[in-house]
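*Asks:* Pasting the sequence and the predicted coordinates here, then a few questions.
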Amino acid sequence: TWTPISADMTVGTVASVVGSTLRFEVQGSVLKLFLGNNLVAFTHDITIAGDGGVGIRTVGMASLDNVAVGMATPPANGSLGTTYTFENPQRPDGQLDNVWTERAGNFAVVTGNNAVRGNTLNTSSDNLATLNGVSAANVFVQAEVKGLGTSGQVLGLVARYSGSGLGNHYQGLVYNSNGT
């Protein structure tokens, strides 16, 4: 099960979105999606009430980098304090490092672009990966938008992941709809 925060809306051209930071906050029943420092969508939802994984999601060749994960403000007991940059593949085969578990599809680390994106073997696949060892209810996940060049590409952030595959999580997504 996954719940949309808001109906489709235009947040700008693809060119204005690339390079921006996408941030998805989940605190209690409140879900907020920010692009830059601007709130673009929010809702209240209690469908997924407990702890769950955090992660990233793309469709097609959309790409992102500089993923940061932490406790939502106010902090709970402790801090996740993880920032994961994709400067170079940590593995010689260009796959995600072993701190991530691919739940759907396949991610590739793009050398020279410092980003992670869906694998070129299936450019229309839906990809989802979660950070290992993290299961928390009140978190933030943010990442820099690196690529969203073709219509239909999607990228997003995941919180309270507790399913298998693409099931049971909250997600904040942006997508390219013919350049907007």
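*Replies:* Arrived safely, thanks for sending.

*Asks:* contacts, neighbours, all on C-alpha from now
*Replies:* OK.

*Asks:* Assumed residue 160 was part of a strand.
*Replies:* Yes: assessed with DSSP: H, G, I helix; E, B strand; the rest coil, residue 160 lies in a strand.

*Asks:* what's it in contact with, if anything?
*Replies:* The contact partners of residue 160, taken as C-alpha atoms under 8 Å, 6 or more residues apart in numbering, are 48, 50, 51, 52, 53, 54, 135, 136, 137, 168, 169, 170.

*Asks:* Take those and keep only those in strands.
*Replies:* The members of the contacts of residue 160 that map onto strands under DSSP state E are 53, 54, 169, 170.

*Asks:* List just the nearest of the residues you listed to residue 38.
*Replies:* Distances from these to residue 38 were compared by C-alpha to C-alpha; the smallest belongs to residue 170, at 19.4 Å.

*Asks:* my guess is the closest one contacts residue 159, does it?
*Replies:* Yes: counting by C-alpha atoms under 8 Å, residue 170 touches residue 159, with 5.3 Å between them.

*Asks:* of those two, who's got more company?
*Replies:* Higher neighbour count among residue 170 and residue 159: residue 159, with 30 against 27, using other C-alpha atoms under 10 Å.

*Asks:* what's around the nearest residue to that one once chain neighbours are set aside, how many residues?
*Replies:* Distance criterion C-alpha to C-alpha, 6 or more residues apart in numbering; nearest residue to residue 159, sequence neighbours excluded, is residue 54 at 4.4 Å. For residue 54, the count of nearby residues is 28 (other C-alpha under 10 Å).
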